[in-house]
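> I would like the atomic coordinates for the input below:
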Amino acid sequence: MKRKKSTVVLIWIIVALIAVIVFKIKGTDNNKGFKVVKWNNFYKGDNIKLYYGSTDKQLLKQLNEKYNLKKITEGGKNDFDKSLKILDWINKNMPNKDTMDYDENIDYSEEGTFDILSQENKNTYSSREICIVFNEFAIASGIISRIGELSSDPDSFTRKEGSMIICEVWSNDYNKWIMIDATRGAYMEYNNIPLSAIEVIERGLANIKIIGVKDNEEYEEYVDDVKKYFHNYLIKIDNSIYGEKNSNSYLCFINNKENKNFLNENSVKRPIIYTYNKNLFKLSPRYELNKIEKDEIPTLIFSKKNITKDDSDIKMEIYGGAFQDSAMINRYYISINNRPFKQQNSYFEVEIKEGITNIRLSKDGKSAIREVVFEFIE
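Numbers count the residues shown, from 1 in each chain. Next up, the predicted model:
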């Protein structure tokens, strides 16, 4: 009996040791790669100009004519009502691959409505495709619209968990942005007032009513399915379609500024300005920049280089720039790894090697006003 007990105890000890080893290996793997150690670089101002609509009126006219948008939005009393009619058409004509398929690998190509809807033998559509069509139908119908991404943390924008792609339309009647989940055919409201994506993040999903174009049964598990995404929110600075872009950068709201887990090698593929200022996402599309109260200091912005040098010591390379008053600035100073400040005229390049990489920004070449610290673990 004693030997049997000893054997059982030994087995449990072995199981526990294996669990500890697996946990340590997994933890080590999670720590590998590119990450943020310090981020003194959040944008705090209100001086960002966002762009909407399209300068190509001919293409908008073609969209209207080809898809008979006047008929689709017929009977709509206002912009929001017309948006719901577009939503109804989308849900009847563009079945999603999977109801909760929120695009694990988002393609940021310039594919538009004409490309998406002209594909032969296409029976299902991704969330990205559905949102592109909704967005362009809305804009062609005279409704101000934009596409956004919701995520549990900005790191998830490019990880396998994916991000939830949604649209927002500007309502003149409500004088606010209203979130539309074009994939599920739904929007959210509180006290009979439709909510924006940021308002849902602020309020939480507990007491929010889900309004959909489908049967109510379709939305019974909706909140449980999507709640993990309502923490951070990313939009383009230039939301216009079919025309020259004023900016290729993005604006990302961080709900928890203490969490530094918002940058990895994939998430610097796009130049993103990080902020915890919710008001930027509530601004009217007619908002004019404040020419009197300018941004106090510039903000660093990074994007990954597609081509790296043939050097095994260089793990990745990134471009850097400085953003202020809704534009990239041309004259500033950068110090990398505590070396002397060097004047930059536009963009600078940083080689990321194993270990710590420190980047400091200065306006006068003497005092640091921004600092970020990256770490790469092989």
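> So which residues of the stretch 101-250 of the chain form strands?
145-151, 164-171, 176-180, 186-190, 193-194, 209-212, 232-236, 250-253 (DSSP state E, counting those that start in this stretch).
> if we compare those, which one ends up closest to Glu375?
When the strands of the stretch 101-250 of the chain are compared by CB to CB, strand 250-253 sits nearest Glu375, at 20.7 Å. To be clear about C-beta, it is placed using only N, CA and C from the backbone, and glycine gets the same treatment.
> who does the following helix or strand past that closest one touch, helix- and strand-wise?
Counting by DSSP states H and E, the next helix or strand C-terminal to strand 250-253 is strand 272-275. Where contact means 3 or more CB pairs under 8 Å, 6 or more residues apart in numbering; DSSP states H and E, strand 272-275 is packed against strand 250-253, strand 299-304.
> export strand 272-275 as PDB, just CAs?
Written as PDB, here are the backbone C-alpha positions of strand 272-275 (Å, rounded to 0.1, in the frame of the first residue of the first chain):
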ATOM      1  CA  ILE A 272       0.000  54.600 -36.000                       C
ATOM      2  CA  ILE A 273      -0.500  57.500 -33.600                       C
ATOM      3  CA  TYR A 274      -1.500  56.200 -30.200                       C
ATOM      4  CA  THR A 275      -3.700  58.300 -27.900                       C
END
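> And the helices in the stretch 201-350 of the chain, which stretches?
Remark: helices assigned in the stretch 201-350 of the chain by DSSP state H, counting those that start in this stretch are 222-226.
> picking that back up, can you lay out the strands of the stretch 101-250 of the chain as JSON lines showing mean neighbour count?
What follows is those, written out as JSON lines (neighbours: other CB atoms under 10 Å):
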{"stretch": "strand 145-151", "mean neighbour count": "25"}
{"stretch": "strand 164-171", "mean neighbour count": "24"}
{"stretch": "strand 176-180", "mean neighbour count": "24"}
{"stretch": "strand 186-190", "mean neighbour count": "20"}
{"stretch": "strand 193-194", "mean neighbour count": "16"}
{"stretch": "strand 209-212", "mean neighbour count": "16"}
{"stretch": "strand 232-236", "mean neighbour count": "24"}
{"stretch": "strand 250-253", "mean neighbour count": "22"}
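> low-confidence ranges in the stretch 101-250 of the chain?
Scanning the stretch 101-250 of the chain for pLDDT under 70 picks out 101-110, 153-162, 216-218.
> let's see it at 80
Scanning the stretch 101-250 of the chain for pLDDT under 80 picks out 101-110, 152-162, 214-220.
> As CSV, the strands of the stretch 101-250 of the chain with distance to Gly53 would be great.
Output for the strands of the stretch 101-250 of the chain, formatted as CSV (distance: least, CB to CB, whole Å):
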stretch, distance to Gly53
strand 145-151, 9
strand 164-171, 11
strand 176-180, 15
strand 186-190, 22
strand 193-194, 21
strand 209-212, 27
strand 232-236, 13
strand 250-253, 18
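> Next up, the contacts around Glu296.
Lys44, Gly45 (CB atoms under 8 Å, 6 or more residues apart in numbering).
> Would you check that Asp173 makes contact with Asn78?
Yes - contact criterion CB atoms under 8 Å: Asp173 and Asn78 qualify, at 5.0 Å.
> any shared contact partners between the two?
By CB under 8 Å, 6+ apart, no residue touches both Asp173 and Asn78.
> now Asp88: how far from Phe302?
Asp88 sits 41 Å away from Phe302, going by CB to CB, to the nearest Å.
> Please name the bridge partners of the most centrally placed residue in the chain.
Taking CA atoms, centre = their mean, the centroid of the chain lies closest to Leu234, which sits 2.9 Å from it. For Leu234, the beta-bridge partners are Glu149, Cys252 (DSSP bridges).
> Report the separation between it and Tyr333.
29 Å.
> quick one: what helix or strand has Ile352 in it?
Short version, using DSSP H and E: Ile352 is in strand 348-353.
> Which strands or helices does the next helix-or-strand element following that strand pack on?
Per DSSP H and E, strand 348-353 leads on to strand 355-362 as the next helix or strand towards the C-terminus. Other elements packing on strand 355-362 under the criterion 3+ CB pairs under 8 Å, 6+ apart are strand 332-336, strand 368-377.
> between these, which one is nearest to Ile166?
Of the helices and strands packed on strand 355-362, nearest to Ile166 by CB to CB is strand 368-377, at 29.3 Å.
> What residues sit buried inside stretch 121-134?
Tyr125, Ser126, Ser127, Arg128, Glu129, Ile130, Cys131, Ile132, Val133, Phe134 (16 or more other CB atoms under 10 Å).
> I meant to write stretch 84-100 there.
Under 16+ other CB under 10 Å, the buried positions of stretch 84-100 are Leu84, Lys85, Ile86, Leu87, Trp89, Ile90, Asn91, Met94, Asn96.
> need the contact list for the nearest residue to Ile359 once chain neighbours are set aside.
For Ile359, ignoring the flanking residues on the chain, the nearest one in space by CB to CB, 6 or more residues apart in numbering is Val372 at 5.2 Å. Counting by CB under 8 Å, 6+ apart, Val372 makes contact with Val36, Lys38, Trp39, Asn40, Asn41, Leu300, Asn358, Ile359.
> buried subset of those?
Among the contacts of Val372, those classed as buried by 16+ other CB under 10 Å are Val36, Trp39, Asn41, Leu300, Asn358, Ile359.
> Any chance of TSV for those, columns distance to Ile352?
Putting the buried ones among the contacts of Val372 into TSV (distance: CB to CB, whole Å) gives the following:
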residue	distance to Ile352
Val36	12
Trp39	15
Asn41	16
Leu300	15
Asn358	11
Ile359	10
